[in-house]
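S.K.: Kindly return the folded structure for what I paste below:
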Amino acid sequence: MDKIKVLGIAGSLRKNSFNKELLRCAAEEAGEGIDLEIFDLEGIPIFNQDHENEPTEKVREFKAKIKSADAILIATPEYNYSIPGPLKNAIDCASRPSGDNAWNDKPVAIMSAAGGYLGGSRAQYHLRQTFVYLNMHPINKPEVIVPFFNDKIDSEGRLIDKHTRDKVRELLNALYLWTIKLTK
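M.R.: All right, here's what the predicted structure looks like:
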């Protein structure tokens, strides 16, 4: 089978983010068919439509990485029942100006981790709503929603929970197959 290039994005800017750790886990669990690159959203400016035709270097780099990827993997926390501001802002920056939507037609998978019992599920739901407008193609199953993430890491913040690692691997496999199917 073909190798696919996946761009991983964490919805949190926090250095020791649970969702950044989920992406690191995904990079470790990716099979031979997946080349996973992680992009850090730190430094993407607040979207201002007055300047959408003059994107910063960081936004240009982000859009180029999205466009060159075969698929997207987003790991996000939930802030106030929804998508974290930095992630929503980055999504907006990469979808503008009109006619230059870097997200268009991209297969995408979502995973989320949180310290609480809902594990980021509402952020995933709101991302799916956003994907409709962006013309993205999310996979529906498996759902990787990891509650009580702090109970699944070691003292250095590394994910040690076998079940969670298995689910991340299952999600990556589903994203791989979905991407191959969509690009035939």
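S.K.: what about the closest residue in space to G157 that isn't next to it in sequence, how many neighbours?
M.R.: Spatial nearest neighbour of G157, excluding adjacent residues (CB to CB, 6 or more residues apart in numbering): N16 at 5.3 Å. Every residue, glycine included, has its C-beta placed from N, CA and C. N16: 10 surrounding residues under other CB atoms under 10 Å.
S.K.: Please identify which helix or strand holds N16.
M.R.: Assigned by DSSP states H and E, N16 belongs to no helix or strand.
S.K.: Got the confidence number for it?
M.R.: Listed pLDDT for N16 reads 92.
S.K.: now M1
M.R.: For M1, pLDDT reads 52.
S.K.: cool, K167 as well?
M.R.: You'll see K167 listed with a pLDDT of 97.
S.K.: likewise the one 4 residues further on?
M.R.: Note on L171: pLDDT of 98.
S.K.: if we can go back for a sec, any idea how far the residue nearest to G157 is from K167?
M.R.: Distance, N16 to K167, using CB to CB, to the nearest Å: 21 Å.
S.K.: now D151
M.R.: Between D151 and K167 the distance is 15 Å, computed by CB to CB.
S.K.: more crowded one of the two?
M.R.: K167 (20 against 9).
S.K.: in the protein, which spans are strands?
M.R.: 4-10, 34-39, 71-75, 107-113, 137-138, 144-146 (DSSP state E).
S.K.: got a markdown table for the ones you listed, with distance to T179 too?
M.R.: Converted to a markdown table, the strands of the chain look like this (distance: least, CB to CB, whole Å):
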| stretch | distance to T179 |
| --- | --- |
| strand 4-10 | 5 |
| strand 34-39 | 9 |
| strand 71-75 | 4 |
| strand 107-113 | 5 |
| strand 137-138 | 9 |
| strand 144-146 | 17 |
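S.K.: and G157, which of those is closest to it?
M.R.: Among the strands of the chain, strand 107-113 comes nearest to G157, with 11.4 Å by CB to CB.
S.K.: in the chain, which ranges drop under the pLDDT threshold?
M.R.: Applying pLDDT under 70 to the chain picks out residues 1.
S.K.: hang on, A102 packs against C93?
M.R.: No. At 9.1 Å, A102 and C93 do not qualify as touching, with contact defined as CB atoms under 8 Å.
S.K.: any common contacting residues for those two?
M.R.: When contacts are counted by CB atoms under 8 Å, 6 or more residues apart in numbering, A102 and C93 are jointly contacted by F62, K63.
S.K.: Neighbours of G31, how many?
M.R.: 11.
S.K.: Would you mind confirming that it makes contact with A174?
M.R.: No. Using CB under 8 Å, G31 is not in contact with A174, being 11.9 Å away.
S.K.: Can you tell me which residue is spatially central in this protein?
M.R.: In the chain, the C-alpha nearest the mean C-alpha coordinate belongs to I74, at 1.0 Å (CA atoms, centre = their mean).
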